[in-house]
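Peer 1: Turn this into a structure:
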Amino acid sequence: MNTAHTNPQVTSLIAALGAQESSVRLKAAMAAGTDPEPAYVDALIARCGVEPDFYVRDMLTWALTRYPAGDVVPKLREALADGRDQDRSQALHTLSKIGDPDTWAAVTPELLRDRNDEVARAAWRAAVVLVPEGQERDLAAALATQFGRGDREVQVSLSRALVALGEPVEPVLQAAIDGDDPVVAAHAAATERLLRDPEAAFELNLDAARRTYALGGKEPDAHR
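Peer 2: The predicted model follows:
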(Lines give C-alpha, C1' and ligand atoms only; values in the text may rest on other atoms or scores of the structure.)
Protein backbone atom coordinates (compact mmCIF):
# COMPACT_ATOMS: atom_id res chain seq x y z
CA MET A 1 0.00 0.00 0.00
CA ASN A 2 1.33 3.39 -0.99
CA THR A 3 0.63 5.98 1.69
CA ALA A 4 2.97 8.64 0.35
CA HIS A 5 0.39 11.28 -0.60
CA THR A 6 1.03 14.98 -1.06
CA ASN A 7 -2.48 16.02 0.01
CA PRO A 8 -2.26 16.69 3.78
CA GLN A 9 -5.96 15.87 4.26
CA VAL A 10 -5.50 12.46 2.65
CA THR A 11 -2.36 11.78 4.66
CA SER A 12 -4.10 12.78 7.88
CA LEU A 13 -7.13 10.57 7.28
CA ILE A 14 -5.03 7.54 6.38
CA ALA A 15 -3.05 8.03 9.58
CA ALA A 16 -6.31 8.29 11.56
CA LEU A 17 -7.39 4.87 10.27
CA GLY A 18 -4.54 3.43 12.31
CA ALA A 19 -5.06 5.51 15.45
CA GLN A 20 -5.04 3.83 18.85
CA GLU A 21 -8.54 5.03 19.80
CA SER A 22 -11.34 3.14 18.07
CA SER A 23 -13.50 6.28 18.04
CA VAL A 24 -10.89 8.06 15.93
CA ARG A 25 -10.70 5.14 13.51
CA LEU A 26 -14.49 5.03 13.28
CA LYS A 27 -14.68 8.73 12.41
CA ALA A 28 -11.92 8.34 9.84
CA ALA A 29 -13.72 5.47 8.13
CA MET A 30 -16.94 7.48 8.12
CA ALA A 31 -15.15 10.47 6.61
CA ALA A 32 -13.60 8.27 3.92
CA GLY A 33 -17.07 7.13 2.87
CA THR A 34 -18.76 10.50 3.22
CA ASP A 35 -16.25 12.23 0.98
CA PRO A 36 -14.78 9.47 -1.22
CA GLU A 37 -11.26 9.99 -2.40
CA PRO A 38 -9.61 7.33 -4.62
CA ALA A 39 -6.43 7.57 -2.57
CA TYR A 40 -8.29 6.09 0.43
CA VAL A 41 -9.23 2.77 -1.15
CA ASP A 42 -5.99 0.89 -0.50
CA ALA A 43 -5.86 2.14 3.09
CA LEU A 44 -9.47 1.14 3.76
CA ILE A 45 -8.96 -2.37 2.42
CA ALA A 46 -5.68 -2.79 4.28
CA ARG A 47 -7.32 -1.66 7.52
CA CYS A 48 -10.12 -4.19 7.06
CA GLY A 49 -7.55 -6.95 7.45
CA VAL A 50 -6.29 -5.81 10.85
CA GLU A 51 -9.09 -3.78 12.45
CA PRO A 52 -10.09 -5.40 15.80
CA ASP A 53 -13.29 -3.44 16.43
CA PHE A 54 -16.49 -4.82 14.86
CA TYR A 55 -18.13 -1.40 14.47
CA VAL A 56 -15.08 0.09 12.81
CA ARG A 57 -14.89 -2.87 10.43
CA ASP A 58 -18.53 -2.36 9.53
CA MET A 59 -17.87 1.31 8.86
CA LEU A 60 -14.88 0.42 6.70
CA THR A 61 -17.13 -1.82 4.63
CA TRP A 62 -19.75 0.92 4.36
CA ALA A 63 -17.08 3.37 3.21
CA LEU A 64 -15.90 0.99 0.49
CA THR A 65 -19.44 0.61 -0.85
CA ARG A 66 -19.43 4.34 -1.50
CA TYR A 67 -16.73 4.00 -4.17
CA PRO A 68 -17.19 2.83 -7.76
CA ALA A 69 -17.18 -0.96 -7.85
CA GLY A 70 -14.50 -0.88 -10.51
CA ASP A 71 -12.11 0.82 -8.08
CA VAL A 72 -12.81 -1.54 -5.18
CA VAL A 73 -13.78 -5.00 -6.42
CA PRO A 74 -10.45 -5.92 -8.08
CA LYS A 75 -8.61 -5.07 -4.85
CA LEU A 76 -11.08 -7.09 -2.77
CA ARG A 77 -10.50 -10.06 -5.05
CA GLU A 78 -6.77 -9.68 -4.49
CA ALA A 79 -7.41 -9.80 -0.73
CA LEU A 80 -9.36 -13.04 -1.22
CA ALA A 81 -6.45 -14.60 -3.05
CA ASP A 82 -3.56 -13.34 -0.96
CA GLY A 83 -4.95 -12.17 2.36
CA ARG A 84 -5.05 -13.52 5.88
CA ASP A 85 -8.25 -14.86 7.38
CA GLN A 86 -9.61 -11.46 8.40
CA ASP A 87 -8.66 -9.98 5.03
CA ARG A 88 -10.66 -12.69 3.32
CA SER A 89 -13.69 -12.61 5.59
CA GLN A 90 -13.96 -8.82 5.34
CA ALA A 91 -13.43 -8.89 1.59
CA LEU A 92 -16.28 -11.37 1.26
CA HIS A 93 -18.47 -9.29 3.55
CA THR A 94 -17.78 -6.18 1.52
CA LEU A 95 -18.44 -7.95 -1.78
CA SER A 96 -21.81 -9.06 -0.44
CA LYS A 97 -22.65 -5.45 0.44
CA ILE A 98 -21.56 -4.16 -2.96
CA GLY A 99 -23.71 -6.86 -4.55
CA ASP A 100 -22.07 -6.82 -7.97
CA PRO A 101 -23.28 -10.02 -9.71
CA ASP A 102 -20.06 -10.18 -11.68
CA THR A 103 -18.24 -11.08 -8.45
CA TRP A 104 -20.09 -14.39 -8.05
CA ALA A 105 -17.10 -16.32 -9.40
CA ALA A 106 -14.96 -14.93 -6.58
CA VAL A 107 -16.94 -16.96 -4.02
CA THR A 108 -15.22 -20.24 -4.81
CA PRO A 109 -16.14 -23.71 -3.49
CA GLU A 110 -12.90 -23.59 -1.52
CA LEU A 111 -14.08 -20.48 0.34
CA LEU A 112 -17.45 -22.09 1.11
CA ARG A 113 -15.61 -24.83 3.00
CA ASP A 114 -12.67 -22.75 4.24
CA ARG A 115 -10.94 -24.08 7.34
CA ASN A 116 -11.59 -20.80 9.14
CA ASP A 117 -15.16 -20.53 10.38
CA GLU A 118 -15.39 -16.75 9.96
CA VAL A 119 -14.17 -16.93 6.37
CA ALA A 120 -16.61 -19.74 5.59
CA ARG A 121 -19.53 -17.89 7.21
CA ALA A 122 -18.73 -14.75 5.22
CA ALA A 123 -18.55 -16.85 2.05
CA TRP A 124 -21.96 -18.41 2.78
CA ARG A 125 -23.54 -15.00 3.25
CA ALA A 126 -21.90 -13.57 0.15
CA ALA A 127 -22.86 -16.59 -1.94
CA VAL A 128 -26.59 -16.31 -1.25
CA VAL A 129 -26.50 -12.63 -2.18
CA LEU A 130 -24.51 -13.09 -5.38
CA VAL A 131 -25.73 -16.45 -6.71
CA PRO A 132 -27.08 -16.14 -10.27
CA GLU A 133 -30.69 -17.02 -10.87
CA GLY A 134 -31.06 -20.73 -11.59
CA GLN A 135 -27.99 -21.80 -9.64
CA GLU A 136 -29.59 -21.76 -6.19
CA ARG A 137 -29.94 -25.54 -5.96
CA ASP A 138 -26.29 -26.10 -6.87
CA LEU A 139 -25.29 -23.62 -4.19
CA ALA A 140 -27.57 -25.34 -1.69
CA ALA A 141 -25.88 -28.65 -2.44
CA ALA A 142 -22.46 -27.09 -1.88
CA LEU A 143 -23.56 -25.53 1.41
CA ALA A 144 -25.10 -28.81 2.57
CA THR A 145 -21.63 -30.37 2.64
CA GLN A 146 -21.02 -28.20 5.72
CA PHE A 147 -23.91 -29.54 7.79
CA GLY A 148 -22.81 -30.36 11.34
CA ARG A 149 -19.80 -28.06 11.20
CA GLY A 150 -18.69 -25.90 14.11
CA ASP A 151 -20.52 -24.57 17.13
CA ARG A 152 -24.11 -23.41 17.35
CA GLU A 153 -23.29 -19.95 15.96
CA VAL A 154 -21.67 -21.44 12.88
CA GLN A 155 -24.52 -23.90 12.41
CA VAL A 156 -27.14 -21.14 12.64
CA SER A 157 -25.22 -19.12 10.03
CA LEU A 158 -25.26 -22.05 7.63
CA SER A 159 -28.96 -22.67 8.20
CA ARG A 160 -29.80 -18.99 7.69
CA ALA A 161 -27.84 -18.98 4.43
CA LEU A 162 -29.74 -22.01 3.17
CA VAL A 163 -33.09 -20.59 4.24
CA ALA A 164 -32.31 -17.41 2.28
CA LEU A 165 -32.22 -19.52 -0.90
CA GLY A 166 -35.86 -20.46 -0.43
CA GLU A 167 -37.67 -23.30 -2.17
CA PRO A 168 -34.68 -24.63 -4.18
CA VAL A 169 -33.11 -25.96 -0.96
CA GLU A 170 -35.98 -28.33 -0.15
CA PRO A 171 -34.68 -31.41 -2.07
CA VAL A 172 -31.20 -30.86 -0.63
CA LEU A 173 -32.54 -30.70 2.91
CA GLN A 174 -34.64 -33.83 2.43
CA ALA A 175 -31.65 -35.76 1.08
CA ALA A 176 -29.61 -34.78 4.14
CA ILE A 177 -32.43 -35.68 6.51
CA ASP A 178 -32.74 -39.11 4.88
CA GLY A 179 -28.99 -39.71 4.92
CA ASP A 180 -26.89 -41.93 7.17
CA ASP A 181 -25.18 -39.26 9.26
CA PRO A 182 -27.30 -38.33 12.31
CA VAL A 183 -25.54 -35.03 12.89
CA VAL A 184 -26.10 -33.96 9.29
CA ALA A 185 -29.71 -35.12 9.49
CA ALA A 186 -30.32 -33.19 12.72
CA HIS A 187 -28.83 -30.00 11.29
CA ALA A 188 -30.83 -30.39 8.08
CA ALA A 189 -34.03 -30.96 10.07
CA ALA A 190 -33.39 -27.83 12.14
CA THR A 191 -32.82 -25.92 8.91
CA GLU A 192 -36.06 -27.23 7.44
CA ARG A 193 -37.93 -25.97 10.50
CA LEU A 194 -36.43 -22.53 9.94
CA LEU A 195 -37.43 -22.67 6.28
CA ARG A 196 -41.04 -23.36 7.29
CA ASP A 197 -41.01 -20.78 10.07
CA PRO A 198 -38.16 -18.21 9.90
CA GLU A 199 -39.13 -16.92 13.35
CA ALA A 200 -38.73 -20.33 14.97
CA ALA A 201 -35.95 -20.98 17.45
CA PHE A 202 -32.98 -22.91 16.11
CA GLU A 203 -32.99 -26.25 17.90
CA LEU A 204 -30.28 -28.80 17.27
CA ASN A 205 -29.53 -31.56 19.75
CA LEU A 206 -26.48 -33.29 18.33
CA ASP A 207 -25.98 -35.47 21.41
CA ALA A 208 -29.47 -36.90 21.00
CA ALA A 209 -28.82 -37.46 17.31
CA ARG A 210 -25.64 -39.39 18.10
CA ARG A 211 -27.42 -41.52 20.69
CA THR A 212 -30.22 -42.34 18.28
CA TYR A 213 -27.72 -43.29 15.64
CA ALA A 214 -25.76 -45.47 18.07
CA LEU A 215 -28.92 -47.31 19.12
CA GLY A 216 -29.33 -48.24 15.48
CA GLY A 217 -25.99 -50.01 15.61
CA LYS A 218 -24.12 -47.46 13.47
CA GLU A 219 -21.23 -45.15 14.18
CA PRO A 220 -21.36 -41.48 13.22
CA ASP A 221 -18.72 -40.29 10.80
CA ALA A 222 -15.44 -39.78 12.66
CA HIS A 223 -14.96 -36.26 11.30
CA ARG A 224 -18.21 -34.99 12.78
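Peer 1: Residue 189 touches residue 177, doesn't it?
Peer 2: Yes - proximity of residue 189 to residue 177 meets the contact threshold set by Cβ atoms under 8 Å, at 5.4 Å. C-betas here are computed from N, CA, C, even on glycine.
Peer 1: Quick check: buried residues in stretch 23-32?
Peer 2: Buried residues in stretch 23-32, counted by 16 or more other Cβ atoms under 10 Å: 25, 26, 27, 28, 29, 31, 32.
Peer 1: oh sorry, the question was meant for stretch 149-161
Peer 2: 149, 154, 155, 156, 157, 158, 159, 160, 161.
Peer 1: From the residues you listed, which land in helices?
Peer 2: Judged by DSSP state H, the subset of the buried residues of stretch 149-161 located in helices is 154, 155, 156, 157, 158, 159, 160, 161.
Peer 1: need these in JSON lines with distance to residue 74 and pLDDT, can you?
Peer 2: Listed next are these as JSON lines, based on distance: Cβ to Cβ, whole Å; pLDDT from 0 to 100:
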{"residue": "154", "distance to residue 74": "30", "pLDDT": "95"}
{"residue": "155", "distance to residue 74": "34", "pLDDT": "93"}
{"residue": "156", "distance to residue 74": "33", "pLDDT": "92"}
{"residue": "157", "distance to residue 74": "27", "pLDDT": "95"}
{"residue": "158", "distance to residue 74": "29", "pLDDT": "96"}
{"residue": "159", "distance to residue 74": "33", "pLDDT": "95"}
{"residue": "160", "distance to residue 74": "29", "pLDDT": "94"}
{"residue": "161", "distance to residue 74": "26", "pLDDT": "96"}
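Peer 1: Which members of the buried residues of stretch 23-32 occur in helices, if any?
Peer 2: 25, 26, 27, 28, 29, 31, 32.
Peer 1: Identify the residue nearest the second one in space, chain neighbours excluded?
Peer 2: Same thing as residue 26. Leaving aside its chain neighbours, residue 26 sits nearest to residue 56 (5.0 Å; criterion: Cβ to Cβ, 6 or more residues apart in numbering).
Peer 1: I'd like the distance between that neighbour and residue 76.
Peer 2: Residue 56 sits 18 Å away from residue 76, going by Cβ to Cβ, to the nearest Å.
Peer 1: quick one, which of the two is more surrounded?
Peer 2: residue 76 (26 against 22; other Cβ atoms under 10 Å).
Peer 1: Apart from its chain neighbours, what residue comes closest to the more buried one?
Peer 2: Nearest one to residue 76, counting by Cβ to Cβ, 6+ apart, is residue 91 at 4.4 Å.
Peer 1: Pretty sure the one you found sits against residue 72.
Peer 2: No - with contacts defined as Cβ under 8 Å, residue 91 does not count as touching residue 72, sitting 9.9 Å away.
Peer 1: Need the overlap of contacts for the two.
Peer 2: Between them, residue 91 and residue 72 share these contacting residues under Cβ atoms under 8 Å, 6 or more residues apart in numbering: residue 45.
Peer 1: need the helices for the protein, in chain order.
Peer 2: Assigned by DSSP H, the chain shows helices spanning 8-16, 22-34, 41-48, 54-65, 69-82, 85-98, 109-112, 117-130, 136-144, 152-164, 170-177, 182-196, 206-215.
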